[in-house]
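1. Sharing a model that was predicted from the sequence below.
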Amino acid sequence: MKSIGARLAICYVLASTVTFASLFLAGRYFMERHAIHALDLLNESEFEQLKAGVGPAGKALSQDVLRNRVHAMMSDDLELFYVEVDAPNGDVVFRSQGLRGHQIPVLPKAHVFNAFVDGLGELRAGLFPLGPYKVLIATSKNHVKVVMEGYERTFYGLLLVMIVVSSVIGYGFSRMALRPLRLIQDTADRIRSDNLSERIPVAAAKDEISDLARLLNQMFDRLEISFDQIRRFTAEASHELKTPLTLVRLQAEKLVMEGQLLPVQEQAVQIQIKELAQLNRIIEDLLFLSRADARAITLDLRLQDPEPFLQCFAQDAHVLAEHQQLRFFLTHHGCGQVAIEPKWLRQVLLNLLSNALSASPAGGRITLRSTLMDGTWQVSIEDEGPGVPEEQRGRIFERFVRINRPGEDKGTGLGLAICRSLVELHGGRIFAESAHGGCGLRMVFEIPAETSTDGAVATSQDIPLREADAT
Ligand SMILES: Nc1ncnc2c1ncn2[C@@H]1O[C@H](COP(=O)(O)OP(=O)(O)OP(=O)(O)O)[C@@H](O)[C@H]1O
Ligand SMILES: [Mg+2]
């Protein structure tokens with residue numbers, strides 16, 4: 001069983017049940033003993049009455065007289081007691097009718113004992129001397145048995161109630177005991193590289209859990225310091241590299257412009273310029289991500305209808321797609337407004353489009369779908385490329401992660417990391433899934449929006465699937 005809470009609750013129920021069952025067994029033992037002792041006292045007091053009625057010692061009494069006196073004495077109690085009077089020579093002087101001719105088996109040397117008589121069941125008997133005679137007085141143990149059975153029935157009923165009650169208490173108890181752990185889990189779950197300043201609340205009481213919370217907080221302190229150092233290093237290194245790189249590129253461009261290079265040299269310099277441009281892009285991207293991590297980017301969010309923005313983007317997208325013999329489509333459903341900064345959102349769309357363009361097969365189709373519905377603006381870009389295996393789809397948003405296929409060696413693996421930062425700065429989320437047809441990738445981002453209910457009605461007529469240049 002995985003849950004500690006469930007294990008604690010089960011342990012609690014088991015412990016309560018075992019305690020209750022032990023108490024029941026002890027109670028049953030003492031109660032039975034007490035009831036049997038009460039029968040012994042009853043038998044003894046019956047004998048005392050008999051003795052007093054029969055007369056002193058009964059020594060001088062003949063067997064007949066004794067029989068008559070015992071009979072007279074016991075006539076009222078014969079339903080409750082079984083009596084047998086034996087003479088010293090073993091003759092039975094008196095035997096109550098209830099015994100139906102059976103003899104009460106005597107336990108040697110025992111004063112009180114249990115005896116089993118056919119047809120009567122178990123009896124509790126006492127052996128008493130009356131002069132030379134032996135008097136056996138016995139009572140049925142049936143009453144004790146009935147009481148004990150009632151006790152057991154009550155126990156089983158109570159056991160059921162106890163299991164239900166202790167399950168509820170155990171569940172509540174485990175939830176209460178694990179609450180601080182859940183708090184730690186929730187907070188630790190929230191703490192990520194972009195949120196390292198949050199700490200687990202530490203209870204005032206000094207116990208094992210607050211010690212654990214303190215230890216984790218110390219670990220987060222160290223992590224935050226390390227992350228800060230890495231960020232600062234990345235930002236500073238990128239910044240420091242920018243100027244010399246620009247100078248190198250300018251020098252290389254100047255060399256080409258002067259036109260005094262041999263063709264081979266010019267080709268080499270052109271490759272250098274291309275690589276420098278790529279390096280420059282990586283540095284720009286790293287600088288951007290460092291600033292986003294440090295929350296140094298503030299967006300100028302303005303509420304607007306996203307459709308004109310999309311139409312404008314679609315014109316460029318169409319040209320880019322056509323350049324690569326691909327087809328681009330745009331659909332937009334719904335009405336409403338979204339708080340966005342178009343410059344950054346255009347950057348997101350361009351990154352996603354650039355990935356889709358490089359992944360698409362010749363003549364492939366790229367579809368941008370936009371939907372404003374239920375307080376969300378959802379935008380997806382879908383291609384017909386090879387897609388990304390499901391287990392890798394979360395990873396592609398990490399920095400420098402590329403899933404290059406044979407023959408491919410383009411890109412830096414920073415584009416989607418930047419997209420994620422930008423979408424999150426807009427209060428949204430981004431994810432990848434397989435394209436509708438099962439072939440290709442569908443990149444989706446969602447941003448909170450103010451959608452109007454009119455929009456929902458409008459969508460039914462407003463579903464034009466049109467090529468971008470149709471706008
Ligand atoms: N539409 C797509 N189809 C298939 N794979 C994709 C798609 N989009 C992204 N990927 C995979 O995700 C990886 C990361 O994408 P990302 O945009 O972050 O980096 P990149 O495109 O390699 O480089 P750049 O920084 O230039 O964008 C890519 O290398 C590619 O393997
Ligand atoms: Mg990319």
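-> Sure, I can see it. Numbers count the residues shown, from 1 in each chain. Ligands and ions are numbered 1, 2, ... in the order given.
2. The closest residue to residue 297 other than its chain neighbours and residue 233, how far apart?
-> In this structure, residue 297 finds its nearest non-sequential neighbour in residue 291, 5.3 Å apart by C-beta to C-beta, 6 or more residues apart in numbering. The C-beta positions use only the backbone N, C-alpha and C, and glycine is treated the same way. Applying C-beta to C-beta, to the nearest Å, the value for residue 291 to residue 233 is 14 Å.
3. Of these two, which one has the most company?
-> Here residue 291 and residue 233 are compared on neighbour count by other C-beta atoms under 10 Å; more neighbours surround residue 291, at 15 against 11.
4. Tell me the spacing between the more buried one and residue 108.
-> 103 Å.
5. and residue 286, that one's in a helix?
-> Yes - under DSSP: H, G, I helix; E, B strand; the rest coil, residue 286 falls within a helix.
6. roughly how far apart are it and ligand 2?
-> Between residue 286 and ligand 2 the computed distance is 15 Å (C-beta to the ion, to the nearest Å).
7. name the element the nearest residue to that residue once chain neighbours are set aside belongs to?
-> Closest residue to residue 286 apart from its sequence neighbours, by C-beta to C-beta, 6+ apart: residue 238 at 4.6 Å. Using DSSP states H and E, the element containing residue 238 is helix 208-258.
8. Distance from that helix to the middle of the chain?
-> Between the mean C-alpha point of helix 208-258 and the mean C-alpha point of its chain there is a distance of 38 Å (C-alpha atoms, centre = their mean, to the nearest Å).
9. I figured the residue nearest to residue 286 hits residue 283, correct?
-> Yes - judged on C-beta atoms under 8 Å, residue 238 makes contact with residue 283 at a distance of 4.6 Å.
10. Ligand 2 contacts on this structure?
-> Counting by C-beta under 5 Å from the ion, the residues of the chain close to ligand 2 are 355, 415.
11. Can you list the low-confidence ranges for the chain?
-> 1, 56-60, 76-78, 194, 404-410, 453-471 (pLDDT under 70).
12. rerun that using 80 as the cut-off
-> 1-2, 54-61, 73-79, 192-195, 203, 205, 293-296, 404-411, 437-438, 452-471 (pLDDT under 80).
13. For whichever residue of it sits closest to ligand 2, which residues are in contact?
-> In the chain, the residue that lies nearest ligand 2 is residue 415 (2.9 Å; C-beta to the ion). Going by C-beta atoms under 8 Å, 6 or more residues apart in numbering, residue 415 touches 285, 351, 354, 355.
14. now residue 307
-> 332, 370.
15. Mind listing what's buried along stretch 334-346?
-> For stretch 334-346, the neighbour count (16 or more other C-beta atoms under 10 Å) marks 334, 335, 336, 337, 338, 339, 340, 341, 342, 344, 345, 346 as buried.
16. For these, name the two members farthest from one another.
-> Distance extremes for the buried residues of stretch 334-346: the farthest pair is 335 and 344 at 23.1 Å, using C-beta to C-beta.
17. And stretch 420-433, end to end?
-> Length of stretch 420-433, first residue to last, C-alpha to C-alpha, to the nearest Å: 15 Å.
18. can you list contacts of that stretch?
-> So stretch 420-433 is contacted by 194, 288-289, 292-293, 297, 299, 301, 339-341, 344-345, 347-348, 388, 393-394, 396-397, 416, 419, 441-448 (C-beta under 8 Å, 6+ apart).
19. In helices, which of those residues fall?
-> Judged by DSSP state H, the subset of the contacts of stretch 420-433 located in helices is 288, 289, 292, 293, 344, 345, 347, 348, 416, 419.
20. The first one is in contact with residue 418, isn't it?
-> To tie it back to what came earlier, the one meant is residue 288. Yes - with contact defined as C-beta under 8 Å, residue 288 reaches residue 418; the gap is 6.1 Å.
21. quick one: the helices in this structure?
-> Counting by DSSP H, the helices of the chain are 4-54, 63-74, 142-190, 208-258, 263-293, 306-323, 342-359, 415-425, 453-459.
22. Can you tell me which of the ones you listed is nearest to residue 121?
-> Here helix 142-190 is closest among these (C-beta to C-beta), at 6.2 Å.
23. so what does the closest one touch, helix or strand wise?
-> When contacts are defined as 3 or more C-beta pairs under 8 Å, 6 or more residues apart in numbering; DSSP states H and E, helix 142-190 sits against helix 4-54, strand 121-130, helix 208-258.
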